[in-house]
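>>> just need the structure, nothing else, for what follows:
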Amino acid sequence: GISQVALKKLNCQKMCFMADPDIAAQAKTAGTTRASACMDRACKVKGPVIIAVGNAPTALLRLDELVRAEKIQPVLVIGVPVGFVNVVQAKEVIIKTGVPYIIAVGRKGGSNIAAAICNALLYTLTRK
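Numbering: from 1, shown residues only. This is a model prediction of the structure:
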């Protein structure tokens, strides 16, 4: 849902590791979620990184651990997972990391909201 045209104008790219077979294997070996394993993979991305999370609060919880361990320093976190289990808590830990953030406070959010926020930022930069 993130605009490829706008990304190209800014010489940026989007990455999603969720469906990678090695992420599933890593999560199984570690006894964690694929979303958490994706945050470990994000640590290997070179250059400035914006992390957008629309569904998995475990991604935000793992991201908090990685920021504290100084393994990743995103320039922005878009944290809008939706649901009931650990959603509010996961958003609250990101607020406390010191990393710039856009958070949907409470239980609302979702991947469509994360994509909409990304696109709003992209369009602000590319449609002057």
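
>>> can we go C-alpha only for contacts and neighbour counts from here?
OK.

>>> for the longest helix anywhere in the chain, which positions count as buried?
Taking DSSP state H as the criterion, the chain has its longest helix at helix 111-126. By neighbour count on 16 or more other CA atoms under 10 Å, the buried set for helix 111-126 is 111, 113, 114, 115, 117, 118, 119, 122.

>>> stretch 61-68 now?
Within stretch 61-68, the residues that count as buried by 16+ other CA under 10 Å are 61, 62, 63, 64, 65, 66, 67.

>>> what's in contact with that stretch?
For stretch 61-68, the external contacting residues (CA atoms under 8 Å, 6 or more residues apart in numbering) are 36, 39, 40, 72, 73, 90, 93, 94, 97.

>>> quick one: classify the last one as helix, strand or coil.
The one in question is residue 97. coil (DSSP: H, G, I helix; E, B strand; the rest coil).

>>> what sits against it?
64, 67, 68.

>>> let me see the ranges of the helices in the protein.
Assigned by DSSP H, the helices in the chain fall at 4-9, 21-30, 34-42, 57-68, 87-95, 111-126.

>>> closest to residue 78 out of the ones you listed?
Taking CA to CA, helix 111-126 is the member of those nearest to residue 78, at 6.6 Å.
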